[in-house]
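Peer 1: The sequence isn't on hand, but the structure is:
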């Protein structure tokens, strides 16, 4: 900021008013930034006042209060842990079992000096490490409880700490979970039946059925993702297309993609020679003459045979 | 009279406050959490469950902890 102020003075002295204006704007930005950082620092100082360490009697009262509040409390002197076991947790009809909240009193100065262990785990199907929507690898994501937990541990309020963590375990924050309860047991792919999870799941854009990544087929024409029921193939090239992206060949009526049709004829029908032009239901003049010739010949033969049968032996006949 | 008041909601509060003599637990709650309902909180006086009509005394420690506290995913 001092350097900026000096440059402003120089610019003003030399009559470079535009430059001075720009430098002044820069100086104002720097001053605002500095003010914000100071305000933030002051806020932090206010939030973490000098710690008054709890006395031995206060700690004793806290531990006794924890014993009174929770039915299962242990002190692991060797591991330095105060352990509370919760009642079985059920969130939206999904049983998660009881949890142990293990507070390490030797790490109270550290970040999150506790872990939350599932005693009878019912983890998410997609990830065994997620034993609760807000716990992964025994680490609880504290969300709304973060500041209150820090404050309680800083002040040695052990009962408050365990109450807050227990309430976090008993609350489901939909939309903020490692794995949502709707996906806890996975969802079956409609085509192959395998379990699908949120990051691998897609939906048929026609019938909205749930599909795994492998069963979700892409129409080569419109790029829509479809299930096997809604997808079909071009009769000529065999590529995947939805029914809307296929057109019937006007000769053989096979469903083909636009790449396999020319003048609404498929490759097979398009390549036939002219005299074998596709049968459109009407005879060509050549066919008509040929048919007439055939009829005449057959009629001639029929008459001959009839007369042969009818005339006496030795007589002749002319047709 | 002087109490230790602790509110474990959100950013929390933990400090000594002055309240009128004869204040009950219910009265303190209504004063300090005007938009809340007591049944949405775990209320402890001197680390023990308390009734709404319990009269508070000098030096009491009162804590309010929300029943619902939402976690997150890191």
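Peer 2: Received it, and whenever you're ready, just let me know what you need. Note that the coordinates shown come from a computational prediction; the quantities given were computed from them, not determined experimentally.
Peer 1: for chain B, what are the nearby residues on chain A?
Peer 2: Residues of chain A found near chain B, taking CB under 8 Å from any CB of the partner chain as the criterion, are A:47, A:61-62, A:64-65, A:68-69, A:133-136, A:139-145, A:147-148, A:151-152, A:155, A:157, A:159-160, A:163-164, A:167-168, A:170-171, A:173, A:176-178. Where you see a C-beta, it was placed from the backbone N, CA and C, and this is true even at glycine.
Peer 1: go with 6 Å
Peer 2: In this structure, chain A approaches chain B at residues A:65, A:134, A:141, A:143-145, A:147-148, A:151, A:159-160, A:163-164, A:167-168, A:171, A:173, A:176-178, judged by CB under 6 Å from any CB of the partner chain.
Peer 1: residues in contact with the spatially closest residue to residue A:194 that is not a sequence neighbour?
Peer 2: Closest residue to residue A:194 in three dimensions, ignoring its sequence neighbours and counting by CB to CB, 6 or more residues apart in numbering or on different chains: residue A:212, at 5.4 Å. Listed by CB atoms under 6 Å, 6 or more residues apart in numbering or on different chains, the contact set of residue A:212 reads A:189, A:194, A:196.
Peer 1: The same query, at a cut-off of 8 Å, please.
Peer 2: Under the criterion of CB atoms under 8 Å, 6 or more residues apart in numbering or on different chains, the contact partners of residue A:212 comprise A:189, A:191-192, A:194, A:196, A:200-202.
Peer 1: For PyMOL, write the selection for the buried entries among those residues.
Peer 2: Here is the PyMOL command that picks out the buried ones among those, judged by 16 or more other CB atoms under 10 Å in any protein chain shown:
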select buried, chain A and resi 189+191+196+200+201+202
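Peer 1: In strands, which of the contacts of residue A:212 fall?
Peer 2: Secondary structure from DSSP state E places A:196, A:202 of the contacts of residue A:212 in strands.
Peer 1: Same list, the contacts of residue A:212, but as TSV with pLDDT and distance to residue B:62 please.
Peer 2: Output for the contacts of residue A:212, formatted as TSV (pLDDT from 0 to 100; distance: CB to CB, whole Å):
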residue	pLDDT	distance to residue B:62
A:189	86	55
A:191	90	60
A:192	89	59
A:194	85	55
A:196	81	50
A:200	78	50
A:201	83	49
A:202	88	53
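Peer 1: Tell me the spacing between the residue in the stretch 1-150 of chain A that chain B sits nearest to and residue A:180.
Peer 2: Relative to chain B, the nearest point of the stretch 1-150 of chain A is residue A:134 (3.1 Å; CB to the nearest CB). With the distance defined as CB to CB, to the nearest Å, residue A:134 ends up 11 Å from residue A:180.
Peer 1: Compare these two (neighbour count), which wins?
Peer 2: More neighbours surround residue A:134 than the other of residue A:134 and residue A:180, with 28 against 17 (other CB atoms under 10 Å in any protein chain shown).
Peer 1: show me the contacts for the more buried one.
Peer 2: When the contact criterion is CB under 8 Å, 6+ apart, the partners of residue A:134 are A:140-141, A:143, A:168-169, A:173, A:176-178, B:71-73.
Peer 1: Among those, which ones are in strands?
Peer 2: Of the contacts of residue A:134, the ones assigned to strands by DSSP E are residue A:140.
Peer 1: Keep only those of the contacts of residue A:134 that are in helices.
Peer 2: A:168-169 (DSSP state H).
Peer 1: By neighbour count, which of the contacts of residue A:134 wins?
Peer 2: So for the contacts of residue A:134 (other CB under 10 Å), the most neighbours sit at residue A:168, 28 neighbours.
Peer 1: Now the helix or strand of chain B with the lowest mean pLDDT: buried residues?
Peer 2: Comparing every helix and strand of chain B by mean pLDDT, DSSP states H and E singles out strand B:13-18 as the least confident one, with a mean of 92. Neighbour-count burial for strand B:13-18, counted by 16+ other CB under 10 Å, picks out residue B:14.
Peer 1: list the helices and strands that strand packs on?
Peer 2: Here strand B:13-18 is seen to pack against strand B:2-7 when contacts are counted using 3 or more CB pairs under 8 Å, 6 or more residues apart in numbering or on different chains; DSSP states H and E.
Peer 1: Now do the strand it packs on against strand B:13-18, angle only.
Peer 2: Here the directions of strand B:2-7 and strand B:13-18 differ by 150 degrees (axes from the mean of the first three to the mean of the last three CA atoms, to 10 degrees).
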